[in-house]
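# A predicted structure for the sequence below; I have some questions about it.
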Amino acid sequence: MNLDSLVRPNIRSLAPYRSARQDHLEGVLLDANENSLGSVLPLAGVALNRYPDPFQRKLRNALAEREGRAADEIFVGVGSDEAIDLLLRVYCEPGTDHVLIPEPTYGMYRVAASIQNAVIDRVLLTDDFHLDRAAITEALRPDTKLIFVCSPNNPTGNRLRTDDLLWLCRQAPGLVVVDEAYVEFSEAASMAMHIPSVENLVVLRTLSKAWGLAGIRLGYAIAHPAVVRSLLKVKSPYNVNALTARAALEGLRAADKAAAMVRRLREERERLRASLVASPLVVDVLPSDANFLAVRFHDPTVVREALANAGIIVRDRTQEPKLRGCLRITVGAPDENNALLDVISRLAEQRP
Ligand SMILES: Cc1ncc(COP(=O)(O)O)c(C=O)c1O
């Protein structure tokens, strides 16, 4: 597959903005109209008066090392949401190119595709929320530039089968984006290991979930260098700020802490599941490889309102295809989960 030929023609011929810090990060820096005296906010180790490295070399090197990939296969953005947006902007000609989104899944793919005015072809996942090969085969078109899938899938929680994902990459005339925001909570290995042999595969990852760093807004894409080059070409010059880059680098050094939190959350997830499954209010709890559970209730509105009255907020997914009755519940800290289970068991006692 010629990855560059998938890029929108105007992006292919675009001469990207050249920013000052692209070439020089050290020396007597009189090239970017920064404040040469310093900053109102001196923070140890972060020169806040300077624009950050537009190519985020240190951070991309650290992520590359962690992922066992090369730095030119890593794009970092303001959350993985930025990568989703930029992929659409690079590859989808507004009003013309198609995007395939097997649903129910993470809602940002549809929103970002709509903003780009890409033509969205909708297919559904199977009843057990796996890829429906027949439906996908029928929906694919020569101008399907991007396919967005999520594994483990938000909001259902299950991970997709590796053989289905590799099949999808073989069928796709464009890129297959596998969003692995929750992969650390699953037993499965990342699909990123397939990137050297599957050039149209793009894997999205984030520090927002397992690493507990949603506040810094740092996500990344792992992809063929040609895809990364295209994303770098269109991103805003200083998309990842110096504080975020610093926090991300420090965070990555605390991998043991992330792993310990993941272990605890997985234990809590199973405890929560066991209690919910036993509740008479619950129809079923969908299998989850993530840090949340999709729970089908007989009467989700009553449950959601009772929880809200106790100050506990969960996500209503009842309007999503195939998710009638479902609330999405993030696995909380132990006392938060106890509080949630308490409300549910009290509600069950009150109801006939
Ligand atoms: C599947 C999925 N992808 C991406 C994101 C956004 O991640 P980030 O915080 O890196 O933008 C979320 C957030 O909920 C998500 O559920």
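Happy to help now that I have it.
# from here on, contacts and neighbour counts on C-alpha atoms
Fine.
# in the stretch 1-150 of the chain, which spans are strands?
For the stretch 1-150 of the chain, strands defined by DSSP state E, counting those that start in this stretch occupy the ranges 74-77, 98-103, 119-124, 144-150.
# buried stuff in stretch 123-138?
123-125, 129-132, 136 (16 or more other Cα atoms under 10 Å).
# repeat that for stretch 181-198.
Across stretch 181-198, burial judged by 16+ other Cα under 10 Å covers 181-186, 190-192, 195, 198.
# filter those residues down to the ones close to the ligand.
Ala181 (Cα under 6 Å from any ligand atom).
# which one of the buried residues of stretch 181-198 is nearest the ligand?
Ala181 (5.0 Å; Cα to the nearest ligand atom).
# which one is the closest one nearest to, not counting chain neighbours?
Spatial nearest neighbour of Ala181, chain neighbours left out: Arg205 (5.0 Å); criterion: Cα to Cα, 6 or more residues apart in numbering.
# so the one you found: helix, strand or coil?
strand (DSSP: H, G, I helix; E, B strand; the rest coil).
# the ligand contacts on the stretch 151-300 of the chain?
154, 179, 181, 206, 208, 214, 217-219.
# quick one: which of those residues sit in strands?
Among these, the members falling in strands (DSSP state E) are 179, 206, 219.
# per-residue confidence at the last one?
The predicted local distance difference test score for Gly219 is 98.
# Pro321: how many residues sit nearby?
Using other Cα atoms under 10 Å, Pro321 has 12 other residues around it.
# hmm, back to that, identify the bridge partners of the residue nearest to Ala181.
For Arg205, the beta-bridge partners under DSSP bridges are Tyr220.
# sorry, back to before: can you tell me which two in the buried residues of stretch 123-138 are farthest apart?
For the buried residues of stretch 123-138, the maximum inter-member distance is 13.4 Å, found between Phe129 and Ile136 (Cα to Cα).
# what comes up buried for stretch 327-345?
327-332, 334, 337, 339-341, 343-345.
# nearest to the ligand, of those?
Nearest to the ligand among the buried residues of stretch 327-345 is Thr330, at 10.6 Å by Cα to the nearest ligand atom.
# any idea how far Thr156 is from the closest residue to that closest one other than its chain neighbours?
Nearest non-adjacent residue to Thr330, counting by Cα to Cα, 6+ apart: Phe292, 4.0 Å away. Using Cα to Cα, to the nearest Å, Phe292 is found at 9 Å from Thr156.
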